[in-house]
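# No letters, just coordinates:
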């Protein structure tokens, strides 16, 4: 079985493009990972997700451990087989979602106990249990179990939390063991404090990981503060390993993160927006439920090659959204995921060509134009 | 533009197989028409519906006239373009669904006035308006506007209703006009009264249609009574024209109807069941939410070639149904529609080969076996 490796192909300013090689296939970076929370990217078949250009999906440990359970997925041959996706899967550690979704959480040095938001059953997550669950799922890229405080938080809280996460990172590394072809990523914490981020990066480097995530952002701090942190945080991490910004984001967040040296991202936004009628195009965001689309024979984006744009008018998409038809979520999710992947293709190409500044200018100019005029 | 025609290729007992030719493509009979009520077969992309083997879809005049309106669909290029399905479409007349869905219905010789179940707006349907709507939609097979009484009903009510429907059939024929490549189907009424059915058939023959429907069944009378009626009703209609049984049905209803000389059918059952977790297989019906499937690595039907059966275990389908994921409706609807079309393929092949009796025996034997044993 081949090993997990990262080949940095080109840089343009701080932006990078490369390829992560795994036994289940290559991941072209910068990479956007659609979120398949409960073993499905909502409203999409896996083959369609692949058609949008995705090289890797994200699965949520918290959801899967509760239902159908990691042990059941393992008995059924692992998450790839279970959900019919044979390419790489990254799983989060469960830590973030325990904090945002579970009931009656109790945090100790050992880990977190909580009650399921589904049925109230009691569970525990520790670094060791998170590693076990992610192994049972068969995840290709495993994330360290960490604690992620909401922002704003005071410096003492951030420091204590970061130090706990670093002790958990060490326990995660030990529990992960020797698994050729699988990767364990450390997660940098420290909020918006540059020195804490530096200490966290140093602790992670000492342990040693196959990749490094910038954690604890996109939790309420706003884009300006996030970009401020990304002006230094990625460069505190090893340059020869992939850098993953967790849970980001809107298209301009993604472009700004790539410009600051990020290689991987994930977010529910394109798929969730597909279900609420919010559509991303080169000319910004539109809401398909708006009455201006009711008689509009034009596609969402005449330059997009997704099935929603090739086969349907805005009038149709408006109609099926208003009629609460499932095809609305199917088509809009497909479009949004295709738009996100098209962004990634554009950035990879521009970085390789050394034209990323011009690409960014065109990206922002297109958005500034706004949606096409009503008929 | 080529004409609408029906070529009867073979018969086996009363069962028939043939091809309806239309400018938008051939319809192999016996044909099952998936229902695309609001310009979508729920939870399916049109290309996927075609992949299941469907040659023709059914659209609902009542729903489409209310939202997005026939005039809007016409302005957008017709229903085929609107919903991205370029093959034949049959539309019902709206009469049946006004009676089952609308509020404050008032029936007169002229037609029906009613209030929309969506927004309470007031509308009128007459034979002339129904023909106009179906023309605006661009329907390939247009149905006469008729009245369909619920069963049981007394003979006087059935006779009066049938006679009204025959007067409306004449007005429908006149309003339809001369539209080469498009067909108008008459609808036989008369409940379970053989002589009324005969009078209705005679009235329709005198007017003359491109096809004939057996209406007023599958409205609560039960399978035995329906089959009793189908023992004579189809043969009261012209043998050289397609015979369409409206709103039928379960798999054994469909097989029994074909055995009695029916060429076309439609029903929401395979698609609706796909959303409620009811699955049709060669071995009968199963409910995916049943706990027996929770750990079952086997497909719904090992002989089925649909994406649900090729890519997923019962355990996965159980998980996504329980998790209320959209992919559950997508996969189960696809499977059910594929199963229905596979039935039609089997019947067409057997009728052409003169082996329909043996095919029916195998069909019933498979169902009698019941679902595979739990693990």
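Structure received. Because the structure is a prediction, the values reported are computed rather than measured.
# Can you list the residue ranges for strands in the stretch 101-250 of chain A?
For the stretch 101-250 of chain A, applying DSSP state E, counting those that start in this stretch gives strands covering A:103-107, A:112-115, A:122-125, A:141-143, A:183-188, A:211-214, A:243-245.
# Take those and write them to TSV, including distance to residue B:178, mean neighbour count and mean pLDDT.
Every C-beta, even on glycine, is put in place using the N, C-alpha and C of the backbone. Listed next are these as TSV, based on distance: least, CB to CB, whole Å; neighbours: other CB atoms under 10 Å in any protein chain shown; pLDDT from 0 to 100:
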stretch	distance to residue B:178	mean neighbour count	mean pLDDT
strand A:103-107	69	12	89
strand A:112-115	71	19	95
strand A:122-125	71	16	96
strand A:141-143	66	28	98
strand A:183-188	70	28	98
strand A:211-214	70	26	98
strand A:243-245	65	28	98
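# any chance of those in CSV, plus distance to chain B?
Below are these laid out as CSV (distance: least, CB to the nearest CB, whole Å):
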stretch, distance to chain B
strand A:103-107, 18
strand A:112-115, 18
strand A:122-125, 17
strand A:141-143, 22
strand A:183-188, 26
strand A:211-214, 27
strand A:243-245, 26
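# out of those strands, which comes closest to residue B:368?
Closest to residue B:368 of the strands of the stretch 101-250 of chain A is strand A:122-125 (CB to CB; 44.8 Å).
# From the contact counts, what lies against the closest one?
When contacts are defined as 3 or more CB pairs under 8 Å, 6 or more residues apart in numbering or on different chains; DSSP states H and E, strand A:122-125 sits against helix A:61-66, strand A:112-115.
# quick one, what contacts whichever residue of the stretch 51-200 of chain A sits closest to chain B?
As assessed by CB to the nearest CB, chain B sits closest to residue A:84 within the stretch 51-200 of chain A, at 4.1 Å. Residues in contact with residue A:84 (CB atoms under 8 Å, 6 or more residues apart in numbering or on different chains) are A:46, B:311-312, B:316.
# What of residue A:183?
A:4, A:22, A:140-142, A:209-211.
# In the host helix or strand of residue A:351, which residues are buried?
Assigned by DSSP states H and E, residue A:351 falls within helix A:326-353. For helix A:326-353, burial by neighbour count (16 or more other CB atoms under 10 Å in any protein chain shown) applies to A:326-344, A:346-348, A:350-351.
# Same check on stretch A:95-104?
A:95-99, A:101-102.
# Could you tell me which ranges of the stretch 251-375 of chain A sit under the pLDDT cut-off?
Within the stretch 251-375 of chain A, no stretch has pLDDT under 70.
# which residues in it form strands?
Using DSSP E, counting those that start in this stretch, strands in the stretch 251-375 of chain A cover A:264-267, A:278-281, A:284-287.
# Distance to chain B and mean neighbour count added to these, as TSV?
Shown next, in TSV, are the strands of the stretch 251-375 of chain A (distance: least, CB to the nearest CB, whole Å; neighbours: other CB atoms under 10 Å in any protein chain shown):
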stretch	distance to chain B	mean neighbour count
strand A:264-267	18	24
strand A:278-281	17	23
strand A:284-287	17	16
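# Compare the ones you listed and give me the one nearest residue B:54.
Ranking the strands of the stretch 251-375 of chain A by their distance to residue B:54 (criterion: CB to CB) puts strand A:278-281 first, at 29.1 Å.
# next one: stretch A:5-13 to chain centre, how far?
Distance of stretch A:5-13 from its chain centroid, counting by CA atoms, centre = their mean, to the nearest Å, is 20 Å.
# Then stretch A:106-124?
24 Å.
# repeat for stretch A:289-304
28 Å.
# Now do the contacts for the residue nearest to residue A:294 when sequence neighbours are not counted.
Excluding the flanking residues, the one nearest residue A:294 by CB to CB, 6 or more residues apart in numbering or on different chains is residue A:318, at 5.4 Å. By CB under 8 Å, 6+ apart, the contact set of residue A:318 is A:288-290, A:293-294, A:296, B:68.
# ok, now residue A:87?
Here residue A:87 is in contact with A:24-25, A:50, A:54-57, A:80 (criterion: CB under 8 Å, 6+ apart).
# Please list only the buried members of those.
A:24, A:54-57, A:80.
# export the residues you listed to a markdown table and tack on secondary structure, pLDDT and distance to residue B:240?
Shown next, in a markdown table, are the buried ones among the contacts of residue A:87 (DSSP: H, G, I helix; E, B strand; the rest coil; pLDDT from 0 to 100; distance: CB to CB, whole Å):
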| residue | secondary structure | pLDDT | distance to residue B:240 |
| --- | --- | --- | --- |
| A:24 | coil | 98 | 59 |
| A:54 | coil | 98 | 54 |
| A:55 | coil | 98 | 58 |
| A:56 | coil | 98 | 59 |
| A:57 | strand | 98 | 56 |
| A:80 | helix | 98 | 55 |
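# show me which of those neighbour chain B.
With CB under 8 Å from any CB of the partner chain as the criterion, the buried ones among the contacts of residue A:87 include none near chain B.
# residues in the stretch 201-350 of chain A within reach of chain B, list them.
Residues of the stretch 201-350 of chain A lying near chain B (CB under 8 Å from any CB): A:294-295, A:297, A:307, A:311-313, A:315-316, A:318-320, A:322-323, A:325-327, A:329-331.
# How about the stretch 1-150 of chain A?
Counting by CB under 8 Å from any CB, the stretch 1-150 of chain A sits next to chain B at A:38-40, A:42-47, A:67-68, A:72, A:75-77, A:82-84.
# ok, back up a step: among the contacts of residue A:84, which one has the most neighbours?
Counting neighbours by other CB atoms under 10 Å in any protein chain shown, residue B:316 leads the contacts of residue A:84 with 28 neighbours.
# and the nearest residue to that one once chain neighbours are set aside, which of the three is it?
In space, and not counting its chain neighbours, residue B:316 is closest to residue A:82: 5.5 Å by CB to CB, 6+ apart. When classified by DSSP: H, G, I helix; E, B strand; the rest coil, residue A:82 comes out as helix.
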